[in-house]
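Colleague: can you look at this prediction? I've put the sequence above it.
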Amino acid sequence: IPFADSLRRLLSGWRHDAAPRLGAEQIALWREMCAAGWGGLGAAPENVPLLALAMRETGGMGLPVPLIGAVAAQRWLGDADGAAGLLTGVADGSVRFALAMGPQDGDGGAGHADWAEGCLSGTLALVEDAEIATHLLVLTGQTQACVVALAQDNTRAQVHITPTPGFATPPLAQVVLDRC
């Protein structure tokens, strides 16, 4: 598969001791993948095999990229009003989503968030890619999701992100929301 070969060539420069450090190098790898077309694949169901390949290859090499957040944003936001700019940013790598699934995660420890009267609040755990995310996609129900823009200066007013101890690299995070 030519697309698979191009991904393997792209990732080959990042193998083993060249694996990206968290932060700027992680973002650089993701932007490089997006420039090769991998960032925009989540919008079309027929791309599921390619997405599975990308997840297998990056995961197998221990290369953390925000692919799951990109796919979730493209699937959840689709053609929603005002989403076009965000989705263009997802495809080019300038917008990076962390996905907070809450109860939809299936893990009782994943927390929850509620949207009521214009206010998003709650505590979520097991959030991947929160440290490099520009946006947070919060699932608040089976068919509802909220997008939270995160401050670029790391102040993240009303959103508190704390890395949690464990084996994951980068670490999963706990996210406390008080968006009133």
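Modeller: Sure thing, it's come through.
Colleague: please work out which residues outside stretch 99-119 touch it.
Modeller: 68-69, 72-73, 120-129, 136-140, 142, 144, 146, 174-175, 177, 179-180 (CB atoms under 8 Å, 6 or more residues apart in numbering). Bear in mind the C-beta positions are built from the backbone N, C-alpha and C, glycine included.
Colleague: no no, stretch 136-150
Modeller: With CB under 8 Å, 6+ apart, stretch 136-150 has contacts from 69, 72-73, 76-77, 86, 97-102, 104, 113-115, 120, 124, 127, 130, 133-135, 156, 159, 161, 175, 177, 179.
Colleague: how long is stretch 118-136 end to end?
Modeller: 17 Å (CA to CA, to the nearest Å).
Colleague: what comes up buried for it?
Modeller: The neighbour-count check on stretch 118-136 (16 or more other CB atoms under 10 Å) flags 120, 122-136 as buried.
Colleague: tell me the backbone dihedrals of Gln74, please.
Modeller: When read as degrees, to the nearest 10, the backbone of Gln74 gives phi -70, psi -40.
Colleague: roughly how far apart are it and Thr88?
Modeller: 11 Å (CB to CB, to the nearest Å).
Colleague: for the two, indicate the residue with more neighbours.
Modeller: Gln74 (22 against 12; other CB atoms under 10 Å).
Colleague: which pLDDT value belongs to the closest residue to that one other than its chain neighbours?
Modeller: For Gln74, ignoring the flanking residues on the chain, the nearest one in space by CB to CB, 6 or more residues apart in numbering is Gly42 at 3.5 Å. What the model reports as pLDDT for Gly42 is 87.
Colleague: number of residues surrounding Gly42?
Modeller: Residues near Gly42, counting by other CB under 10 Å: 25.
Colleague: ok, now Met33?
Modeller: Neighbour number of Met33 under other CB under 10 Å is 24.
Colleague: look up phi and psi at the most far-flung residue of the chain relative to its centre.
Modeller: The outermost residue of the chain, judged against the average C-alpha position, is Glu117 (26.6 Å), by CA atoms, centre = their mean. As for Glu117, its main-chain torsions (degrees, to the nearest 10) stand at phi 50, psi 40.
Colleague: what's the first helix or strand after the lengthiest strand in the chain?
Modeller: What stands out as the longest strand in the chain, according to DSSP state E, is strand 119-127. Proceeding N to C from strand 119-127, the next assigned helix or strand is strand 135-139, under DSSP states H and E.
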